[in-house]
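K.L.:
Pasting the sequence and the predicted model now:
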There are 2 protein chains.
Amino acid sequence: MPLWGAIEAGGSKFVCAVGSGPEDLQEVRFATTTPQETLQRALDFFRPHHARQPLDAVGIGSFGPIDLDPSSPTFGFITNTPKQSWAHTDIGGVIRSALDVPIGFDTDVNAAALGEHRWGAARGLDTFIYLTVGTGIGGGGMVGGRLLHGMLHPEMGHIPIPHDRDRDPYQGFCPYHGDCFEGLAAGPALQGRWGEPAANLAPDHPAWHLEAHYLALALAGFICTLSPQRIVMGGGVMQQTHLLPLVHEQVREELNGYVQTAEILEEIERYIVLPELEARSGILGALALAQQAA
Amino acid sequence: MPLWGAIEAGGSKFVCAVGSGPEDLQEVRFATTTPQETLQRALDFFRPHHARQPLDAVGIGSFGPIDLDPSSPTFGFITNTPKQSWAHTDIGGVIRSALDVPIGFDTDVNAAALGEHRWGAARGLDTFIYLTVGTGIGGGGMVGGRLLHGMLHPEMGHIPIPHDRDRDPYQGFCPYHGDCFEGLAAGPALQGRWGEPAANLAPDHPAWHLEAHYLALALAGFICTLSPQRIVMGGGVMQQTHLLPLVHEQVREELNGYVQTAEILEEIERYIVLPELEARSGILGALALAQQAA
């Protein structure tokens, strides 16, 4: 039975796992500190497993931006991240050379998309989006069965969306764009606009209707751009379970009958959904990246 | 030598062509009237060619929305188009059964994208967008070498974009969304906002800076969503050649250093480009659809 290693490399925490599949994963998680210390802890976790039975490959789903171009000299690097100490870190190369195994490498959100495709809410689809709404907003997914790559990789949190400053004078917190999608709708925007963390805002607080409005505008844009067969929405903000029905309603209002499909008009509850793997999309996706790399 | 048929089915004109490739195409073009009359004219063009040497396949790039799902009973149909007399027209089936040949069928913009991929500005790329800005706005393209399909097909003209009503009180002309991208930036919006057709507005008219602003907002959204390796911009509005440099400048401003690639920071003139096939992207793309279908 092959044995896989998986790393979910987040800006605030790392999850590392070893197993042959979702059923027998052994996991460890720790805070993301310096690259040297953090990657050392990852290797300290993998080495004893690797000594007992060699890992066949390690998959890494990483925060970014990252270099995904296999022909690039900096393939496997985190590149110009605002998280300064991690800029230009060769995360793929460090793991590969320390363990001498093939490496699968992609964005954290493409990894989560792959996890949901393999074992979760996107099984059987070939064109879909996985979006996470938490301290930031990121998106990945597949088109025609291929993970979304290209010039670089998607940065779906940074699309421009309409912002009516009379209705919502909050300026947005994105250091690059101010009131882009992430700037208006990620967790820190809720905190900045209402003075309290999202988790403290009651389900009938007007914050949620406005949040659903911004999510619906972005989703309408993604639907018109990519025509996904489903949208899977993860991340901490989506764990406020009263939010999703508001999103369903407002996406339908935004599209206003233009996209005449059963998915939008009749079954939107099955079209825009939470991850089936819940918080495990990312680490299981990293495991699937390892399988692809082997 | 195989012989291909091609149809560029537009809302106002049809182009039909026969040939073995781009060099020897024989074309005819006529106004789009009723479905019966228009498809009859197409068949009248193909039949004498087909009698001399049987066509190996016919490719159709069609206005839409259309049904692209080969497993659907209405595959090959134009579906709920606002152009009422064409709603629910089985354009693919009529051509297939009259000529008894395989049919390639896709949107007009995916066909144009395929033409540019095969013979034009997108050669060698696997992830790119073809956008047309004319009486409407539409977009197609590829991701990972596959034409963009999914739930339906992209409707890139209908993404929501920011609209500052103090700067631009024009309300937009889209009957579904008012001030979506198409509603603010297609040819009729220029006419509606300034009282003159785009072609009459001098290169230093403020119309162009505003037009470039809307195009840049939409392009920034597409770049963050799909990370295309190139964007090819066709259609009548883009024939105002002073417009493209304004778009280059404003896309860079919108992204504001967030997407750190050579394409954006150093070579944006080679990244956002006009079609190399000029007005022939669509009909040559339809020919490429025929080749794929055979």
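P.N.:
Here it is on my side, so go on.

K.L.:
distance of the residue nearest to A:Gly187 when sequence neighbours are not counted from B:Pro228?
P.N.:
Closest residue to A:Gly187 in three dimensions, ignoring its sequence neighbours and counting by Cβ to Cβ, 6 or more residues apart in numbering or on different chains: A:Thr135, at 5.1 Å. Just so you know, the C-beta spots here come from the backbone N, C-alpha and C atoms, and that holds for glycine as well. Distance, A:Thr135 to B:Pro228, using Cβ to Cβ, to the nearest Å: 27 Å.

K.L.:
Compare the two and say which is more crowded by neighbours.
P.N.:
Summary of the neighbour comparison: A:Thr135 and B:Pro228, criterion other Cβ atoms under 10 Å in any protein chain shown, with B:Pro228 having more neighbours (25 against 16).

K.L.:
Could you check the pLDDT of that one?
P.N.:
The score at B:Pro228 is 98. That number is its pLDDT.

K.L.:
Report the contact partners of it.
P.N.:
Remark: with contacts taken as Cβ atoms under 8 Å, 6 or more residues apart in numbering or on different chains, B:Pro228 is in contact with A:150-151, B:127-129, B:141, B:222.

K.L.:
Alongside chain B, which residues does the stretch 151-294 of chain A contribute?
P.N.:
A:151-163, A:176-177, A:217, A:220-229, A:254-261, A:263 (Cβ under 8 Å from any Cβ of the partner chain).

K.L.:
Can you mark which positions in stretch A:115-125 are buried?
P.N.:
By neighbour count with 16 or more other Cβ atoms under 10 Å in any protein chain shown, stretch A:115-125 contains the buried residues A:115-122, A:125.

K.L.:
At which residues are the helices of chain A located?
P.N.:
With DSSP state H as the definition, chain A shows helices at residue ranges A:35-52, A:91-99, A:108-119, A:181-185, A:187-194, A:206-226, A:243-255, A:262-265, A:268-271, A:281-293.

K.L.:
any idea how far the last one is from the chain center?
P.N.:
Right, the one you point to is helix A:281-293. Helix A:281-293 has its average C-alpha position 13 Å from the chain's average C-alpha position, going by Cα atoms, centre = their mean, to the nearest Å.

K.L.:
same deal with the first one?
P.N.:
Centroid separation between helix A:35-52 and its chain, computed with Cα atoms, centre = their mean, is 24 Å.

K.L.:
Against which helices or strands is it packed?
P.N.:
Counting contacts by 3 or more Cβ pairs under 8 Å, 6 or more residues apart in numbering or on different chains; DSSP states H and E, helix A:35-52 packs against strand A:4-9, strand A:13-19, strand A:26-31, helix A:91-99.

K.L.:
Likewise for the fourth one?
P.N.:
Using 3+ Cβ pairs under 8 Å, 6+ apart as the contact criterion, the neighbours of helix A:181-185 among helices and strands are strand A:137-143, helix A:206-226.

K.L.:
and the last one with helix A:243-255, angle?
P.N.:
Yep, that's helix A:206-226 we're talking about. With axes from the mean of the first three to the mean of the last three Cα atoms, to 10 degrees as the criterion, the two stretches helix A:206-226 and helix A:243-255 enclose an angle of 50 degrees.

K.L.:
what comes up buried for helix A:206-226?
P.N.:
By neighbour count with 16+ other Cβ under 10 Å, helix A:206-226 contains the buried residues A:207-208, A:210-226.

K.L.:
Then stretch A:54-73?
P.N.:
A:55-68.

K.L.:
before we move on, what about stretch A:99-111?
P.N.:
Applying a neighbour-count criterion of 16+ other Cβ under 10 Å, the buried positions in stretch A:99-111 are A:99, A:101, A:103-111.

K.L.:
for the residues you listed, which one is nearest B:Ser281?
P.N.:
Minimum separation from B:Ser281 among the buried residues of stretch A:99-111 (Cβ to Cβ) is found for A:Asn110, which lies at 30.6 Å.

K.L.:
Just give me the neighbour total for A:Met151.
P.N.:
Here the neighbour count serves as a burial measure; for A:Met151 (other Cβ under 10 Å) it reads 21.

K.L.:
Next, the contact list for it, please.
P.N.:
Remark: with contacts taken as Cβ under 8 Å, 6+ apart, A:Met151 is in contact with B:127, B:223, B:227-229, B:259, B:261, B:263.

K.L.:
Check these and tell me the two furthest apart.
P.N.:
With Cβ to Cβ as the measure, no two of the contacts of A:Met151 lie farther apart than B:Thr127 and B:Val259, at 14.3 Å.

K.L.:
how near is the most centrally placed residue in chain A to B:Gln291?
P.N.:
With distances taken as Cα atoms, centre = their mean, A:Val109 lies nearest the centre of chain A, 2.7 Å away. Distance, A:Val109 to B:Gln291, by Cβ to Cβ: 36 Å.

K.L.:
Using the record's assignment, carve chain A into domains.
P.N.:
Taking automatic domain parsing as the reference, chain A has its domains at A:4-111+A:279-293, A:123-274.

K.L.:
among these, which is nearest B:Phe46?
P.N.:
domain A:123-274 (30.3 Å).

K.L.:
End to end on the closest one, go ahead and measure it.
P.N.:
13 Å (Cα to Cα, to the nearest Å).

K.L.:
now it: how far from the chain's centre is it?
P.N.:
Remark: domain A:123-274 is offset 12 Å from the chain centroid, using Cα atoms, centre = their mean.

K.L.:
Please name the residues that touch A:Ala286.
P.N.:
For A:Ala286, the contacting residues are A:6-8, A:17, A:59-61, A:104, A:111, A:115, by Cβ under 8 Å, 6+ apart.

K.L.:
burial of the residue in the stretch 151-294 of chain A positioned nearest to chain B, as a residue count?
P.N.:
Using Cβ to the nearest Cβ, A:Ser227 is the residue of the stretch 151-294 of chain A that sits closest to chain B, at 3.5 Å. Applying other Cβ under 10 Å, we find 22 residues neighbouring A:Ser227.

K.L.:
Surely A:Leu114 and A:Ala290 touch.
P.N.:
No. With contact defined as Cβ atoms under 8 Å, A:Leu114 does not count as touching A:Ala290 (10.6 Å).

K.L.:
What does the pLDDT read for the nearest residue to A:Ala113 once chain neighbours are set aside?
P.N.:
Taking Cβ to Cβ, 6+ apart, and ignoring the residues beside it in sequence, A:Ala113 has A:Tyr130 as its nearest neighbour in space, at 3.7 Å. A:Tyr130 carries a pLDDT value of 98.

K.L.:
hang on, isn't A:Tyr130 packed against A:Val109?
P.N.:
Yes. Shown here, A:Tyr130 and A:Val109 form a contact pair, counting by Cβ under 8 Å, at 5.8 Å.

K.L.:
Mind listing the shared neighbours of the two?
P.N.:
With contacts defined as Cβ under 8 Å, 6+ apart, the residues shared by A:Tyr130 and A:Val109 are A:139-140.

K.L.:
got the contact list for A:His149?
P.N.:
Residues touching A:His149, when contacts are defined by Cβ under 8 Å, 6+ apart, comprise A:68, A:110, B:127, B:144, B:227.

K.L.:
So of the residues you listed, which two are at opposite extremes in space?
P.N.:
Put simply, by Cβ to Cβ the two of those set farthest apart are A:Asn110 and B:Thr127, 13.5 Å from each other.

K.L.:
Distance of A:Gln53 relative to chain B?
P.N.:
In this structure, A:Gln53 lies at 34 Å from chain B, with Cβ to the nearest Cβ, to the nearest Å as the measure.

K.L.:
residues in contact with the residue of chain A most remote from its centre?
P.N.:
Counting by Cα atoms, centre = their mean, the extreme residue of chain A relative to its mean C-alpha position is A:Arg52, 32.2 Å from that point. A:Arg52 is in contact with no residue at all, counting by Cβ under 8 Å, 6+ apart.

K.L.:
A:Glu196: neighbour count?
P.N.:
A total of 12 residues lie near A:Glu196 under the criterion other Cβ under 10 Å.

K.L.:
So the nearest residue to A:His209 once chain neighbours are set aside versus B:Asn256, what's the distance?
P.N.:
By the measure of Cβ to Cβ, 6+ apart, the closest residue to A:His209 outside its immediate chain neighbours is A:Leu246, 6.2 Å from it. Here the distance between A:Leu246 and B:Asn256 works out to 31 Å (Cβ to Cβ).
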